[in-house]
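**Q** Please work out how this folds:
(one chain, ligands or ions: 1)
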Amino acid sequence: MQTVDVGELSVSAYRKVAPDWIVEPLLAVAERLRGARVIHLSATPYGGGVSELLRSAVPLYNDLGVRATWKIINGDPAFFTVTKKLHNALQGGTEPITEADIRLYEETSRRNAEQLSADPDFAGCDFVFVHDPQPAAVLSFSDFRGGKSVWRCHIDTSQPAPGAWDYLGKFVEGYDATVFTMAGFVPPTLSAERADIICPAIDPLSPKNMSLDDRTAHAVLNWIGIEPDRPLVTQVSRLDPWKDPLGVIEAYRLVRPEVPGLQLALVGSMALDDPEGWDVYRRISDASRTDPDIHVFTNLTGVGNVEVNAFQRFSSVMIQKSIREGFGLVVSEALWKGTPIVAGRTGGIPLQVADDAGGLLVDSTDGCATALLELLGDPARSAALAASGRERVRRHFLLPRLLLDELTLLDGLAHGDPPGSLMTRSDHRDPVCGLTTPPGPGTPTAVRDGHGYRFCSHRCRSAFLDEAS
Ligand code: UDP
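**A** Numbering: from 1, shown residues only. So this is what the prediction gives:
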């Protein structure tokens with residue numbers, strides 16, 4: 001089983017960017033876990049949010065004294081076609097999972113379990129963190145004993161296709177803890193009390209998110225064929241139908257006549273575990289062929305972290321027109337660079353783009369076009385939204401907060417807390433939405449506005465709207 005090589009990072013570097021009320025308790029909980037051994041198991045070392053997270057989180061676990069490694073399951077293209085089908089079905093897709101799919105999924109999981117059981121890091125491991133559906137069945141075929149297991153779901157499983165969760169849930173039930181991005185994602189048949197809620201986060205110091213001066217960003221974009229002096233809107237995401245790249249092209253076409261010189265960049269990555277990417281790539285290439293101002297880039301044509309950084313920094317407005325979304329790290333990435341965003345009102349996106357921070361939430365292609373026109377035509381408003389969005393990311397969506405939540409979860413498991421008690425175990429979390437909150441007087445409580453909407457103290461109205469008059 002492949003172990004991913006990661007670099008070395010130091011938590012002390014994050015003191016300058018993340019709030020103290022996150023870093024201090026992080027150091028304290030890490031101390032209690034010093035020497036513990038953790039394996040993170042996922043499906044791909046590149047492409048998509050999970051690999052983005054683990055690449056920075058794993059070295060930081062080690063810097064904090066928790067001995068972590070990151071391993072990748074093995075699977076052939078047929079296996080990853082099945083797991084993408086399962087991923088889609090869990091997000092509500094309609095393509096059926098067949099008996100043959102299940103056989104292939106379980107055979108591959110069994111083979112991975114054998115490899116994991118033979119891996120020297122596995123023997124005596126204290127915690128195994130399994131990410132997403134692709135490796136979810138592996139542990140149940142392994143001889144993991146003595147340690148605690150966590151299944152970490154990064155996708156929206158609130159409305160799975162009939163049968164999809166019934167199947168995967170059998171494996172998930174065997175874990176000591178399950179973690180979802182939002183309470184709303186916990187599938188109907190999994191007891192909500194058994195689930196813990198943790199939002200992902202971005203690494204502010206990674207090559208993708210570190211500060212990049214204007215001249216360098218300018219030069220990087222110029223080099224790949226963008227004219228930096230003309231307005232630019234960009235979507236960065238895996239080439240996945242749930243990210244609606246064709247809808248982005250349509251919205252751009254509606255906006256283009258009103259904004260002279262507008263360029264659109266679609267920056268998409270191909271992930272090892274996402275065979276649908278090529279099909280989507282063909283469709284967006286066909287749809288954009290006749291317009292030289294639509295630029296399509298991928299990681300296979302040299303658009304890597306620094307280029308994505310330049311796009312997110314230099315675009316007039318970023319777009320994330322997702323139809324379904326787990327969290328959408330790209331949203332926080334854009335906001336962290338001070339760029340406003342127009343984004344689909346789905347999944348974890350409204351956590352990041354609140355009513356008055358970050359940008360505008362949309363529900364349709366027309367809505368996307370209107371929102372783009374609003375922001376492109378009002379630089380002062382865009383700048384104000386971007387500034388409040390960056391502060392929101394600083395408080396809630398930087399890596400030290402994610403580490404604090406994960407280590408608090410592991411600490412609780414090590415001490416026999418039942419699954420689902422993270423919220424009560426941490427004093428740094430809002431009791432309604434679970435987002436981080438500074439200690440001290442004025443503990444936040446839910447509030448209502450004049451229309452009867454219920455907000456958490458962070459004004460996560462869209463995400464936590466549970467009563468509307
Ligand atoms: N990404 C990238 N290059 C691309 C497209 C995406 O580096 O061409 C990165 C993006 O910057 C983000 C991650 O892939 O860090 C996508 O994570 P997100 O949570 O937005 O979506 P997911 O792919 O996990 O559904």
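
**Q** Pick out the residue of the stretch 351-469 of the chain closest to the ligand.
**A** residue 352 (10.4 Å; Cβ to the nearest ligand atom). C-beta: built from backbone N, CA, C; applies to glycine.

**Q** residues in contact with residue 87?
**A** Shown in contact with residue 87 (Cβ atoms under 8 Å, 6 or more residues apart in numbering): 132-134, 155.

**Q** ugh, typo on my part, it should be residue 126
**A** Residue 126 touches 36-38, 147-148, 410, 414, counting by Cβ under 8 Å, 6+ apart.

**Q** Flag every residue of this structure that's near the ligand.
**A** 48-49, 52, 208, 236-238, 267-269, 299, 303, 308, 326-330, 333 (Cβ under 6 Å from any ligand atom).

**Q** In helices, which of the residues you listed appear?
**A** Using DSSP state H, 49, 52, 308, 329-330, 333 are the members of those that sit in helices.

**Q** Out of the residues you listed, flag the one nearest to the ligand.
**A** For those, the closest approach to the ligand (Cβ to the nearest ligand atom) belongs to residue 49, at 2.7 Å.

**Q** now that closest one: how far from residue 132?
**A** 10 Å (Cβ to Cβ, to the nearest Å).

**Q** any shared contact partners between the two?
**A** Contacts common to residue 49 and residue 132, judged by Cβ under 8 Å, 6+ apart, are residue 154.

**Q** so what's residue 158 up against?
**A** So residue 158 contacts 184-187 (Cβ under 8 Å, 6+ apart).

**Q** between those residues, which has the most around it?
**A** residue 185 (23 neighbours; other Cβ atoms under 10 Å).

**Q** check contacts around that residue.
**A** Applying Cβ under 8 Å, 6+ apart, the residues near residue 185 are 153, 155-158, 326, 347.

**Q** and which of the residues you listed is nearest residue 316?
**A** residue 347 (24.8 Å; Cβ to Cβ).

**Q** on that earlier part again, which two of the ones in helices among the residues of the chain next to the ligand have the greatest separation?
**A** Farthest pair in these, by Cβ to Cβ: 49 and 308, 12.7 Å.

**Q** Just give the number of residues close to residue 4.
**A** Quick note: residue 4 (other Cβ under 10 Å) scores 17 neighbours.

**Q** Can you tell me the SS state at residue 174?
**A** Residue 174 falls in the coil class when you classify it by DSSP: H, G, I helix; E, B strand; the rest coil.

**Q** Pull the number of nearby residues for it.
**A** For residue 174, using other Cβ under 10 Å, the count is 14.

**Q** what's the answer for residue 104, then?
**A** Residue 104, neighbours per other Cβ under 10 Å, totals 18.

**Q** With residue 23 instead?
**A** The number of residues packed near residue 23 is 21, by other Cβ under 10 Å.

**Q** mind checking which helix or strand it is in?
**A** According to DSSP states H and E, residue 23 maps onto helix 20-32.

**Q** Surely residue 413 is in a strand?
**A** No: per three-state DSSP, residue 413 lies outside any strand segment and is helix.

**Q** Would you check that it makes contact with residue 177?
**A** Yes: in this structure residue 413 lies within contact range of residue 177 using Cβ atoms under 8 Å: 5.9 Å.

**Q** Overlap of the contact sets of the two?
**A** Residues touching both residue 413 and residue 177 by Cβ under 8 Å, 6+ apart: 148, 150, 419.

**Q** Tell me which of those residues fall in strands.
**A** The strands, defined by DSSP state E, take in 148, 150 from the shared contacts of residue 413 and residue 177.

**Q** for the shared contacts of residue 413 and residue 177, which one is nearest residue 221?
**A** For the shared contacts of residue 413 and residue 177, the nearest to residue 221 is residue 150 (39.9 Å; Cβ to Cβ).

**Q** how near is that closest one to the ligand?
**A** For residue 150, the distance to the ligand equals 18 Å [Cβ to the nearest ligand atom, to the nearest Å].

**Q** Quick one: buried ones out of the contacts of residue 126?
**A** 36-38, 147-148, 410 (16 or more other Cβ atoms under 10 Å).
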